[in-house]
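Enquirer: Compute the structure for the input listed below.
(2 chains)
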Amino acid sequence: NAGVTQTPKFQVLKTGQSMTLQCAQDMNHNSMYWYRQDPGMGLRLIYYSASEGTTDKGEVPNGYNVSRLNKREFSLRLESAAPSQTSVYFCASRGLVVTGELFFGEGSRLTVL
Amino acid sequence: DQQVKQNSPSLSVQEGRISILNCDYTNSMFDYFLWYKKYPAEGPTFLISISSIKDKNEDGRFTVFLNKSAKHLSLHIVPSQPGDSAVYFCAASGDNRKLIWGLGTSLAVNP
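Expert: Numbering: from 1, shown residues only, chains lettered A, B, ... in the order given. Predicted coordinates for the structure are as follows:
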């Protein structure tokens, strides 16, 4: 009963390094999302994928890229990490039900030095 | 400009008493509202929701009230328990089903 699984849970990067956050869901959901959470800022949407093969920008997409690899997997890539990208990142998924709630992963804490 | 506002960053209540968490919104096109709970080092989890066609939805100890004319909703937890200590997020959506989030209220329930 895994739900939404994110890896890695923790990562420390140096400025300019690249990395990819992986996300997989086993609930056969169509929509997947990447959020970041910062103190005092709540949850901010980075990118989302309404269905396999589509991706769209959210509120704060700059500095990130995403790939919807298949229906299960949605990855978030930082090409050249910056200290401003230090945050906790959450992946989420949602099924077809129009008012269906989001299911979140446990989060990935990223520190950029 | 924040479309969903949780004006109280924190709230402290005694175990057994009622917790009331408030949320205001500005967009009259929002028609679905959700509350999520978040423990430290975990992802948010869905708690309860309400459609704009209702003014109340209840699930066990949790009740959400919606006042559309005031663009205000509240989450009541009765009785509050120490395990309810968490950050509570209010979220709203309209036709496009994109969720707009509040900044959260940190609830501490003291034994």
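Enquirer: Now do the contacts for the nearest residue to A:S67 once chain neighbours are set aside.
Expert: Nearest residue to A:S67 in three dimensions, chain neighbours excluded: A:S75, at 5.0 Å (C-beta to C-beta, 6 or more residues apart in numbering or on different chains). Yep, even glycine has a C-beta here, placed from its N, CA and C like the rest. A:S75 sits next to A:20-23, A:66-67, A:69 when contact means C-beta atoms under 8 Å, 6 or more residues apart in numbering or on different chains.
Enquirer: so where's chain A uncertain?
Expert: A:1, A:97-99 (pLDDT under 70).
Enquirer: Could you pick out the residues of chain A near chain B for me?
Expert: When proximity is defined as C-beta under 8 Å from any C-beta of the partner chain, chain A approaches chain B at A:4, A:40-45, A:90, A:92, A:98-99, A:101-107.
Enquirer: at 7 Å what do you get?
Expert: A:40-43, A:90, A:98-99, A:101-102, A:104-107 (C-beta under 7 Å from any C-beta of the partner chain).
Enquirer: does whatever residue of chain B ends up closest to chain A sit in a helix, a strand or a coil?
Expert: In chain B, no residue comes nearer to chain A than B:G43, which is 3.2 Å away by C-beta to the nearest C-beta. At B:G43 the chain is in coil, as set by DSSP: H, G, I helix; E, B strand; the rest coil.
Enquirer: ditto for the one 3 residues further on
Expert: Under the three-state scheme (three-state DSSP), B:F46 adopts strand.
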